[in-house]
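Asks: need a structure here:
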Amino acid sequence: MGTINNKTRKRKAASTPQAPPPLPKLPDEMVVQEILVRLPVKSLVRFRSVCKSWRAIVSDPVFIDTHLRSSTSRSEQDPAFLITPITLNRIQPGDTTHPPISNHIRFYQWQPQGGGDDSNGGGGGNNKNNVATFKHAKDFAGEFNKFYSFSHCDGLVLVPTETKLYLFNPATRDAITLPDSELNDLQHRSGACHRPGEYKVVQAFFRAIYAGVITVGGDGVWRETTRPPYPK
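Replies: Okay, here's the model as predicted:
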C-alpha cells in the first residue's frame with residue numbers, strides 16, 4: 001500500500017507544471033542606452049509615473065541630451081511643421097477697439113507625405129493625407145496684442161509677444177514665462193542654440209549693436225552683450 005501511495009505522489013509531482021525560470025535582469029545601463037533612448041518622448045513622459053528611479057532617469061539632463069542626439073540622428077525621421085493659428089478674443093457688442101489676441105494657443109503638426117507628384121504644391125503625392133493634426137492647446141498667462149516670429153531649437157519653441165516671452169515644449173506640454181527685460185527699444189526676440197544641456201534666449205534691439213542674453217533655468221537675469229568697437 002505504501003509503495004502504491006509513493007508511486008501516486010511521484011506521478012502527481014511529475015505532472016505538476018514547473019514554474020518557468022525567472023527572466024534575466026537587464027543591466028540599468030542597457031535599459032537606458034539601448035531601450036529608453038530609442039523611445040518617443042510621449043512614452044518617456046508616461047514612464048515618469050512608473051517609479052522614482054525612472055523619473056530621475058528620464059529627467060536627467062544627460063539622458064535628455066542623449067535622447068535628443070539619438071532621435072535627430074535617425075535617417076528615417078521625417079520632417080514636420082508646427083503650425084499655430086492666431087485667434088482673437090471674442091468681440092463684445094458695441095466695442096470698437098481691436099480685441100486682444102487670445103492667450104489660448106493651439107498647436108498643430110503637419111507632416112508632408114513623401115513621394116508622388118508635387119506639382120500641385122501639396123508637399124506629397126497623397127494630398128488628402130496632408131492635413132495638420134491637432135497636438136495640444138496651451139493657455140499662456142498675460143495679455144498681448146502681437147506675436148513676433150516663433151523660434152525653435154531642439155524641439156523647444158520660443159513664443160515672443162510684445163509683452164512677454166514664453167518658452168514651450170510641445171512634447172512635454174510644459175511652458176515657462178521668461179523674466180522681463182529692463183532693456184529698452186526692443187525690436188526682435190529670437191531663440192539661440194545651446195551648449196550641452198544649456199539653452200539661451202537672445203534679444204536684439206532696434207538701431208543698436210548690442211543684445212540681451214538670458215540662460216533658461218539660470219538666475220533669471222538678462223545680460224547685455226559687450227558692444228563691439230566702432231570701425232575707425
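
Asks: okay, CA-based contacts and neighbour counts for the rest of this
Replies: Will do.

Asks: Arg55 - how many residues pack around it?
Replies: The number of residues packed near Arg55 is 16, by other Cα atoms under 10 Å.

Asks: could I get the contacting residues of it?
Replies: Residues in contact with Arg55 (Cα atoms under 8 Å, 6 or more residues apart in numbering) are Phe47, Arg48, Ser49.

Asks: please list only the buried members of the residues you listed.
Replies: By neighbour count, with 16 or more other Cα atoms under 10 Å, the contacts of Arg55 hold Phe47, Arg48 as buried.

Asks: out of the contacts of Arg55, list just those in strands.
Replies: Using DSSP state E, no member of the contacts of Arg55 falls within strands.

Asks: from the contacts of Arg55, which land in helices?
Replies: Phe47 (DSSP state H).

Asks: with distance to His104 as extra columns, can I get the contacts of Arg55 in TSV?
Replies: Putting the contacts of Arg55 into TSV (distance: Cα to Cα, whole Å) gives the following:
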residue	distance to His104
Phe47	28
Arg48	27
Ser49	27
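
Asks: closest to Phe147 among the contacts of Arg55?
Replies: Nearest to Phe147 among these, counting by Cα to Cα, is Arg48 at 33.5 Å.

Asks: so the closest one touches Asp60, yeah?
Replies: No - taking contacts as Cα atoms under 8 Å, Arg48 lies outside contact range of Asp60: 11.3 Å.

Asks: could you list the domains of this structure?
Replies: With domains defined by automatic domain parsing, the chain comprises 28-74, 78-87+102-139, 145-232.

Asks: by mean pLDDT, show me the worst of the ones you listed.
Replies: When the domains of the chain are compared on average pLDDT, domain 78-87+102-139 comes out lowest at a mean of 64.

Asks: tell me the buried residues in the one helix or strand Thr66 maps to?
Replies: Element membership for Thr66 (DSSP states H and E) is helix 61-72. Neighbour counts using 16+ other Cα under 10 Å place Phe63, Ile64, Asp65, His67, Leu68, Ser71 of helix 61-72 among the buried residues.

Asks: which pair in the residues you listed spans the largest distance?
Replies: Greatest spatial distance among those (Cα to Cα): Phe63 and Ser71, at 12.1 Å.

Asks: hey, where'd the strands end up in this structure?
Replies: Along the chain, counting by DSSP E, strands occupy 81-83, 104-110, 133-139, 151-153, 156-160, 165-169, 174-177, 186-191, 200-205, 211-215, 223-224.

Asks: mean neighbour count, those: which tops it?
Replies: Most buried of the strands of the chain, by mean neighbour count (mean count of other Cα atoms under 10 Å): strand 156-160, with a mean of 21.
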